[in-house]
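# model this:
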Amino acid sequence: MKVQKQEYQMWVEAISPQTSLWVGCIKAFLVGGFICVLGQCIREFVLTLDGMDETMASNWTSISLIFLGAFVTGIGWYDNLGHFAGAGSIIPITGFANGIVASAIEYKKEGFILGLGAKMFSIAGPVLVYGTLASSLVGLIYWIFEVI
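Okay, the predicted model is just below:
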């Protein structure tokens, strides 16, 4: 039994692609940085529009990046970006959009209710639940300290 495990491990190491940690880190940094620079450019553009303040610019930036992440996932480019950049493509808010849309695309054959509706939030659901819970608790704590 021990020999088989060792042979299997040697086989896995032989066929696994060899990747460089430093190259992966640089790719992740560059792609994640580009997404953030794109977001900053969107924010600066929105701030030039008449009547936009900092809060509205931030909201429109988030909306735009989520839309772009969902759109690029829908046309099939985000997977290639993920293979190239690794974590650099999933850390920004576009990765969140990718998680939702990719789940929806994967299960669309099962129908709108049991496929799209049920599986769309399988990845993003815990993030939404715990994000809502955490923000509610922080809001409650803030309210208590404001009253005191």
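# Poorly predicted segments of this structure, please.
Residue ranges of the chain with pLDDT under 70: 1-3, 112, 115-121, 123-124.
# Run through the residues that contact the residue nearest the centre of it.
Central residue of the chain (C-alpha atoms, centre = their mean): residue 95, 1.6 Å from the mean position. Residues near residue 95 by C-beta atoms under 8 Å, 6 or more residues apart in numbering: 69, 89. Where you see a C-beta, it was placed from the backbone N, CA and C, and this is true even at glycine.
# And residue 46, by the same measure?
52, 56, 57, 60, 61 are the contacts of residue 46 under C-beta under 8 Å, 6+ apart.
# Let's see that with 7 Å instead.
Applying C-beta atoms under 7 Å, 6 or more residues apart in numbering to residue 46 gives the contacts 52, 57, 60, 61.
# Now do the biggest helix by length in the chain: distance to the chain's middle.
Secondary structure assigned by DSSP state H gives helix 21-48 as the longest helix of the chain. Centroid displacement of helix 21-48 relative to its chain, using C-alpha atoms, centre = their mean, to the nearest Å, is 13 Å.
# Make 22 the first number, not 1, from now on.
In the new numbering, first residue 22, that becomes helix 42-69.
# Select from the contacts of residue 67 the one having the most neighbours.
residue 82 (21 neighbours; other C-beta atoms under 10 Å).
# Export the contacts of residue 67 as a markdown table, with columns for distance to residue 125 and secondary structure.
Shown next, in a markdown table, are the contacts of residue 67 (distance: C-beta to C-beta, whole Å; DSSP: H, G, I helix; E, B strand; the rest coil):
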| residue | distance to residue 125 | secondary structure |
| --- | --- | --- |
| 73 | 31 | coil |
| 78 | 29 | helix |
| 81 | 24 | helix |
| 82 | 23 | helix |
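# Same list (those residues) but as TSV, adding distance to residue 108.
Listed next are the contacts of residue 67 as TSV, based on distance: C-beta to C-beta, whole Å:
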residue	distance to residue 108
73	32
78	27
81	26
82	21
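# Please export the C-alpha coordinates of the helix or strand harbouring the residue nearest to the centre of the chain as PDB.
Using DSSP states H and E, residue 116 sits in helix 114-127. Extracted in PDB, the C-alpha atoms of helix 114-127 (Å, rounded to 0.1, in the frame of the first residue of the first chain):
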ATOM      1  CA  ILE A 114     -15.200  43.300  -6.500                       C
ATOM      2  CA  THR A 115     -15.100  41.900 -10.000                       C
ATOM      3  CA  GLY A 116     -14.300  38.500  -8.600                       C
ATOM      4  CA  PHE A 117     -17.500  38.700  -6.500                       C
ATOM      5  CA  ALA A 118     -19.500  39.400  -9.700                       C
ATOM      6  CA  ASN A 119     -17.700  36.500 -11.400                       C
ATOM      7  CA  GLY A 120     -18.600  34.100  -8.600                       C
ATOM      8  CA  ILE A 121     -22.300  34.900  -8.900                       C
ATOM      9  CA  VAL A 122     -22.500  34.900 -12.700                       C
ATOM     10  CA  ALA A 123     -20.300  31.800 -13.100                       C
ATOM     11  CA  SER A 124     -22.700  29.900 -10.800                       C
ATOM     12  CA  ALA A 125     -25.700  31.100 -12.700                       C
ATOM     13  CA  ILE A 126     -24.100  30.100 -16.100                       C
ATOM     14  CA  GLU A 127     -23.200  26.600 -14.800                       C
END
